[in-house]
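Turn this into a model:
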Amino acid sequence: MENAESSNNLKLLMRITTLVALCMAAFHIYTGVFGVFESVFQRSLHVLFALVLVFLMYTPSGAKREDNSKMAWFDYFLIFLVLISVGYVTLNSSTIASRYAYVTPLTGYEIFAGVIGVVLLLEATRRTMGLALPLIATVFIGYVFVGDYLPSILRHQGFSVMWTVDQLFYTTEGVWGIPAGVSATFIVMFIIFAAFLDKSRAGDFFINLSLAMLGKARGGPAKAAIFASGVMGTISGSAVANVVTTGTFTIPLMKKLGYRPTFAAAVESVASSGGQLMPPIMGAAAFIIAEFTGVHYVKVALAAVIPALLYYMSVYFMVHFEALRIGLVGLPKSELPDFKKTLINGIHFTIPLIILVYFLMQGYSPMKAGIYGILATILVSYVRKNTWLTPGKIISALEAGAKGAVEVAIACATAGVVIGVLTLTGLGMRFNSVILAVAGENLLLTLFLTMCTSIVLGMGLPTVAAYIIQAALTVPALTNLGVEPLAAHMFIFYFAIISAITPPVALAAYAAGGVAGSDPMKTAFQACRLGIAAFIVPYMFVYAPSLLAIGESTEIALATVTALIGVLALAAASVGYFIRKANVIERIVFLCAALTLIKPGIMTDIIGLGLFALGFFMQKFLFKQEAKTDELNSNS
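Residues are numbered from 1 along each chain as shown. Sure thing, here's the model as predicted:
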């Protein structure tokens with residue numbers, strides 16, 4: 001009897017979770033079709049749905065609630081608190097939006113609701129993302145109250161609880177700020193769009209297509225992983241999710257071909273992390289960058305094209321040279337999907353992406369473009385019977401999309417807490433002054449310090465949250481030194497992504513190591529070696545904004561060609577192989593060529609290209625000499 005009652009309770013819980021997720025998806029589909037509501041209402045209701053789903057879906061330990069796990073009474077109590085705190089903001093959004101912040105005093109209940117709301121947000125963040133982000137937010141909140149006791153560079157007048165709650169919970173400078181706004185409009189729509197693509201089995205098509213195209217090449221499965229992860233990563237927005245999705249197919253194939261498990265896992269983690277650089281969606285980060293910079297989304301997506309190309313070509317070169325170095329070949333044709341058949345069976349999956357890009361390029365809002373993309377996915381799914389999006393699958397896609405948006409919604413809202421504190425206390429400007437003081441207005445040193453803080457802040461944080469915090473802290477220091485604003489934002493975004501493969505907290509590398517059965521830390525260090533060019537590319541586009549498609553077409557083309565040669569040289573130097581195995585002198589020549597090509601300019605380009613040509617002819621000439629010597633020895 002007890003078991004039957006428990007089973008009924010679990011079924012009820014699952015139905016409630018599904019219902020909440022469907023309500024969240026329906027709300028966002030409605031706003032995508034008919035337009036968004038007033039900002040506080042739109043953002044608070046979005047976060048309310050996300051918070052309720054967190055306490056329904058995650059246990060207090062942070063584990064995903066399984067079908068057989070009971071829900072503790074205090075989780076129900078936390079949901080009740082969400083409704084009376086965040087729900088209060090939603091119901092009174094018009095009043096809150098029109099009130100005079102810091103002038104109109106908060107009532108006792110409003111202070112209570114604000115404190116409870118922020119605490120609930122931090123707890124939800126802990127459950128979904130671990131301790132890193134909530135600890136950072138808690139430290140920043142604590143900073144508000146201890147400003148009087150800190151050294152001069154950090155000192156501020158201190159603020160009351162009411163003033164702090166007002167800033168964080170009843171204005172659009174805190175929890176309901178730009179990050180939550182982007183999450184509640186653009187990001188959630190694209191996550192729902194990605195869920196529809198997933199349910200239509202588009203992911204299988206892109207993985208099979210990449211294997212069909214590249215599987216026969218040297219190191220084919222590794223190259224296929226690069227292609228598939230790039231395509232899937234732009235949609236998923238999560239390096240770890242991308243690793244698990246594509247890595248389960250590509251890592252075993254790489255191991256079968258002869259790659260060491262550590263190397264196979266490293267390839268997948270680097271390729272999966274870079275997916276967020278890939279236009280048009282860029283893991284939804286493009287929309288946040290557009291909001292912060294005031295630049296149109298299309299310009300942000302275009303700016304990301306060349307850096308993404310350099311990132312993936314550098315990984316491709318590394319994989320290719322490694323395959324040559326250890327003598328690998330491709331997979332036999334019999335073990336690969338047929339290219340023509342794969343293309344015919346799945347080419348229709350490209351139509352939703354083409355339609356999405358078309359409407360974005362035509363100036364439609366990302367939400368409207370996302371709606372058209374979803375409709376196109378549903379329609380094209382009926383081309384093949386095995387990809388039909390039946391009513392049941394459509395409901396499942398809506399549910400998966402809403403659940404998939406939860407982590408980003410919570411991360412953006414919590415990042416809003418940090419930004420609210422920075423704005424309230426002026427810490428952002430102080431941090432900017434500290435960086436400039438330490439770097440002495442030296443751009444290269446400022447970039448290096450910014451890179452370090454981006455990687456450190458990115459450890460254990462979702463890319464979006466890491467980027468948002470960095471945008472508030474370090475971008476002003478870069479722009480004050482004359483860096484193009486878009487280049488400054490792309491610089492920190494790039495390193496927020498790379499933190500997923502950087503030890504000691506390399507989440508993507510750890511996930512790939514788990515799939516490959518390799519040591520996580522060794523995988524992370526191998527991933528860093530594979531992605532070494534990725535650490536250089538951001539410096540290249542800061543010094544040469546033409547790599548962000550800014551400037552004349554001839555200038556952009558020249559910068560792209562020299563940058564590609566630079567990452568090719570860096571890959572050759574790193575692996576120790578070009579036409580053949582490179583000796584120490586040849587590796588040094590290739591390294592110098594790569595480093596010289598980083599900085600734009602006629603002289604540096606000439607020197608860099610000259611050094612690359614020298615390395616090429618050394619390899620070519622010595623290769624021929626060795627071949628002749630071997631032939632003479634064999635004849636004698």
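
contacts, neighbours, all on C-alpha from now
Noted.

Thr562 against Asp605, yeah?
Yes. Taking Cα atoms under 8 Å as the definition, Thr562 is a contact partner of Asp605 at 7.0 Å.

what do these two both touch?
Leu597 (Cα atoms under 8 Å, 6 or more residues apart in numbering).

Just the pLDDT at the residue positioned nearest the centre of the chain, thanks.
A centroid search over the chain (Cα atoms, centre = their mean) returns Gln276, at 4.2 Å, as the residue closest to the centre. The model reports Gln276 with a pLDDT of 82.

what about Val47, how many neighbours?
Val47 has 29 neighbours, counted by other Cα atoms under 10 Å.

ok, the residue nearest to it when sequence neighbours are not counted - contacts?
Nearest in space to Val47, with sequence neighbours left out and distances taken as Cα to Cα, 6 or more residues apart in numbering, is Ala409 at 6.3 Å. Ala409 makes contact with 46-47, 50, 180, 183-184 under the criterion Cα under 8 Å, 6+ apart.

quick one: which of those sit in helices?
Those of these mapping onto helices are 46-47, 50, 180, per DSSP state H.

so where is the stretch 251-400 of the chain shaky, pLDDT-wise?
Applying pLDDT under 70 to the stretch 251-400 of the chain picks out residues 283-284.

right, I mislabeled it, should have said the stretch 401-550 of the chain
In the stretch 401-550 of the chain, residues with pLDDT under 70: 460.

out of the ones in helices among the contacts of Ala409, what pair is the most spread apart?
The largest separation in the ones in helices among the contacts of Ala409, counting by Cα to Cα, is between Ala50 and Ala180 at 11.3 Å.

Between those two, point out the one with more neighbours.
Between Ala50 and Ala180, Ala180 has the larger neighbour count (other Cα under 10 Å), namely 30 against 26.

looking at it, that one is touching Ala413, isn't it?
Yes. At 5.2 Å, Ala180 counts as touching Ala413 under the criterion of Cα under 8 Å.

Show me where the stretch 201-350 of the chain has its helices.
All helices of the stretch 201-350 of the chain, identified by DSSP state H, counting those that start in this stretch, fall at 202-214, 220-236, 239-257, 261-273, 285-293, 297-303, 305-325, 339-346, 350-361.

Could you identify which of those helices is most buried?
Highest mean neighbour count of the helices of the stretch 201-350 of the chain: helix 261-273, a mean of 32 (counted as mean count of other Cα atoms under 10 Å).

Neighbours of the residue nearest to Tyr510 when sequence neighbours are not counted, how many?
Among residues not flanking Tyr510 along the chain, Pro520 sits closest, at 4.8 Å (Cα to Cα, 6+ apart). The tally of other residues near Pro520 (other Cα under 10 Å) stands at 25.

so how far is Ile532 from Pro520?
Distance of Pro520 to Ile532, computed by Cα to Cα, to the nearest Å: 18 Å.

Adding distance to Ser238 as columns, could you present the contacts of Ala409 in CSV?
Shown next, in CSV, are the contacts of Ala409 (distance: Cα to Cα, whole Å):
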residue, distance to Ser238
His46, 20
Val47, 20
Ala50, 18
Ala180, 18
Ser183, 15
Ala184, 18
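
coming back round to it: okay, the helices of the stretch 201-350 of the chain in CSV with distance to Tyr30 next?
Converted to CSV, those look like this (distance: least, Cα to Cα, whole Å):
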stretch, distance to Tyr30
helix 202-214, 25
helix 220-236, 22
helix 239-257, 28
helix 261-273, 32
helix 285-293, 20
helix 297-303, 22
helix 305-325, 32
helix 339-346, 30
helix 350-361, 18
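
Ok, which of the ones you listed comes nearest Lys599?
helix 305-325 (15.0 Å).

which strands and helices sit next to the closest one?
For helix 305-325, the packing partners by 3 or more Cα pairs under 8 Å, 6 or more residues apart in numbering; DSSP states H and E come out as helix 220-236, helix 261-273, helix 520-530, helix 532-543, helix 553-575.

So which of those helices is nearest Ile435?
Here helix 532-543 is closest among the helices and strands packed on helix 305-325 (Cα to Cα), at 17.4 Å.

hmm, who's touching the helix or strand in which Val86 is found?
Taking DSSP states H and E as the criterion, Val86 maps to helix 73-91. Contacts of helix 73-91 with the rest of the structure, by Cα under 8 Å, 6+ apart, involve 40-41, 44-45, 47-48, 51-52, 55-56, 96, 113-114, 116-117, 120, 170.

go on, stretch 475-493?
Contact with stretch 475-493 is made by 289, 293, 300, 304, 429, 432-433, 435-436, 441, 443, 446-447, 450-451, 454, 463, 467, 470-471, 538-539, 541-542, 545, 548, as judged by Cα under 8 Å, 6+ apart.

ok, now with 6 Å
Contacts to stretch 475-493, defined as Cα atoms under 6 Å, 6 or more residues apart in numbering, come from residues 432, 467, 538, 542.

next one: stretch 565-579
Contacts of stretch 565-579 (Cα under 6 Å, 6+ apart): 314, 318, 321, 582, 587, 590-591, 594, 597.

what about 7 Å?
Contact with stretch 565-579 is made by 314, 317-318, 321-322, 325, 533, 582, 587-588, 590-591, 593-594, 597-598, 612, 619-620, as judged by Cα atoms under 7 Å, 6 or more residues apart in numbering.

Could you do stretch 524-533 as well?
Stretch 524-533 is contacted by residues 263, 266-267, 269-270, 314-315, 318, 501-503, 506, 509, 567, 570 when judged by Cα under 7 Å, 6+ apart.

got a list of what the residue nearest to Val305 when sequence neighbours are not counted touches?
Distances taken as Cα to Cα, 6+ apart place Pro279 nearest to Val305, at 6.4 Å, with adjacent residues excluded. For Pro279, the contacting residues are 234, 301, 304-305, by Cα under 7 Å, 6+ apart.

Could you rerun that using 8 Å?
Residues counted as contacts of Pro279 (Cα under 8 Å, 6+ apart) are 234, 301-302, 304-305.

got CSV for those, with distance to Lys64 too?
Output for these, formatted as CSV (distance: Cα to Cα, whole Å):
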residue, distance to Lys64
Thr234, 25
Ala301, 34
Leu302, 37
Ala304, 34
Val305, 36
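
farthest pair in the residues you listed?
Most distant of the contacts of Pro279, by Cα to Cα, are Thr234 and Leu302, 13.9 Å apart.

Residue ranges in the stretch 101-250 of the chain under the pLDDT threshold?
Looking at the stretch 101-250 of the chain by pLDDT under 70, you get 235-237.

Now for the closest residue in space to Thr59 that isn't next to it in sequence: which residues touch it?
Sequence neighbours aside, Arg65 is the residue nearest to Thr59 in space, at 5.7 Å (criterion: Cα to Cα, 6+ apart). Residues near Arg65 by Cα under 8 Å, 6+ apart: 56-59.

Please flag which of the residues you listed sit within helices.
Among the contacts of Arg65, the members falling in helices (DSSP H) are 56-57.

and of the contacts of Arg65, the nearest to Phe349?
For the contacts of Arg65, the residue nearest Phe349 by Cα to Cα is Met57; the value is 31.0 Å.

thought that closest one was touching Arg15?
No. Using Cα under 8 Å as the test, Met57 is too far from Arg15 to be in contact (11.7 Å).

wait, isn't Val515 in contact with Thr250?
No. With contact defined as Cα under 8 Å, Val515 and Thr250 do not form a contacting pair (10.1 Å).

Can you give me the end-to-end span of stretch 594-605?
Using Cα to Cα, the end-to-end distance of stretch 594-605 comes out at 10 Å.

What lies in contact with it?
536-537, 539-540, 543-544, 559, 562-563, 565-570, 607-609, 612.

Pull out the buried members of these.
Neighbour-count burial (16 or more other Cα atoms under 10 Å) is assigned, among the contacts of stretch 594-605, to 536-537, 539-540, 543-544, 559, 562-563, 565-570, 608-609, 612.

From Gly426, how far off is Ala63?
37 Å.

So which of the two has more stuff around it?
The residue with more neighbours, out of Ala63 and Gly426, is Gly426; 14 against 11, by other Cα under 10 Å.

Next up, phi/psi of that one, please.
The phi and psi values for Gly426, taken as degrees, to the nearest 10, are phi 80, psi 20.
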